[in-house]
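Colleague: Turn this into a structure:
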Amino acid sequence: MQPPRGVLKIRSFFRRLPLESPAFSLLQKAPTGTGFAYMLKVRMRGVAKGEAEPALKNDSGTIIPIRYESGNGEMMVYGGSLLGLFLLSLAVTRFDGILLLAAIAAFGVAYYYAPLTFRRHPPLQVSPEGFYIEGLGLLPWSKIAGIRIYNKAVRNIRNAELYLILHAPIEKAVVREREPESWRRYMYSVWKPVSEGELTVKLEPLAVSPEQLGDVIRARIAEARKADRA
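Modeller: The predicted structure follows:
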């Protein structure tokens, strides 16, 4: 018999828990027989299996979608929605303006993080034509001068970022199939501009190895340069 969905999500979370994180240190100190001790066993079972992100295979003729890691944002979206409904019901029955504002804020949080739960629209795609970023457009390989992977640690938890350097300003380098919808501009996005011809992409919420993604992008850029010289 398969465990409930909620139990499976909790197991998945603890299997991805970084070994150097403070939370893992607390699990190690948990008394035997407690739920925390069980969580420690779940995490160590994942270590024994040698878990890692899915490997990326660089085939220049294929499209590689990079999706959000499963479970990311669900607490913010579904929890915010439920909290908003609860506060809204109280605001209506009590005619309380403060509760109404709190409900609007909770709905706003759920709205902002909603893209993390989108499965049909990957935030990144590596294609033969270029590097596609949701909310921005397609960056042709010939427009990308280089990339770097930066590692930022927050409480010993790795937060990797992809730094893109372009040959031209962002607006001139990007190829847009259509203008982003106005409602999408106020939602979570993995990218942000750094300067006129530079931008960063957050890799922490994505189901991908930063190093593997960097290797694939560098290989595609090199292939594009060879094709231009031919």
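
Colleague: quick one: low-confidence ranges for the protein?
Modeller: Along the chain, segments meeting pLDDT under 70 span 1-60, 153-158, 177-180, 230.

Colleague: can you give me the strands in it?
Modeller: All strands of the chain, identified by DSSP state E, fall at 64-66, 124-126, 130-133, 137-140, 144-154, 157-166, 191-195, 198-202.

Colleague: quick check: domain ranges of this protein?
Modeller: Following automatic domain parsing, the chain resolves into domains at 5-49, 74-117, 124-229.

Colleague: To residue 64, which of those lies closest?
Modeller: domain 124-229 (4.1 Å; CB to CB). Bear in mind the C-beta positions are built from the backbone N, C-alpha and C, glycine included.

Colleague: start to end distance for that closest one?
Modeller: Terminal residues of domain 124-229 are spaced 28 Å apart (CA to CA, to the nearest Å).

Colleague: Equivalent analysis for stretch 63-75, please.
Modeller: End to end - CA to CA - stretch 63-75 spans 30 Å.

Colleague: in it, what's buried?
Modeller: 64, 66, 67, 68, 72, 73 (16 or more other CB atoms under 10 Å).

Colleague: Identify the residues contacting it?
Modeller: Contacts of stretch 63-75 with the rest of the structure, by CB atoms under 8 Å, 6 or more residues apart in numbering, involve 9, 12-13, 16, 56, 113-119, 122-128, 188, 205-208, 213, 216.

Colleague: ChimeraX command to pick out the buried ones of these?
Modeller: Listed next is the ChimeraX selection for buried residues among those, using 16+ other CB under 10 Å:
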select :56,113,114,115,116,117,122,123,124,125,126,127,188,205,206,208,213,216
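
Colleague: With distance to residue 229 added, can I get the strands of the chain in TSV?
Modeller: Output for the strands of the chain, formatted as TSV (distance: least, CB to CB, whole Å):
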stretch	distance to residue 229
strand 64-66	25
strand 124-126	22
strand 130-133	18
strand 137-140	16
strand 144-154	16
strand 157-166	20
strand 191-195	28
strand 198-202	25
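
Colleague: Quick one, which of those strands gets closest to residue 181.
Modeller: The nearest among these, by CB to CB, is strand 137-140 at 13.1 Å.

Colleague: mind listing the helices for the chain?
Modeller: Ranges of helices within the chain are 5-15, 22-28, 35-49, 74-94, 97-113, 170-173, 210-229, based on DSSP state H.

Colleague: Tell me the spacing between the residue nearest to residue 61 when sequence neighbours are not counted and residue 78.
Modeller: In this structure, residue 61 finds its nearest non-sequential neighbour in residue 128, 6.0 Å apart by CB to CB, 6 or more residues apart in numbering. For residue 128, the distance to residue 78 (CB to CB, to the nearest Å) stands at 37 Å.

Colleague: Same question for residue 105.
Modeller: Taking CB to CB as the measure, residue 105 falls 16 Å from residue 78.
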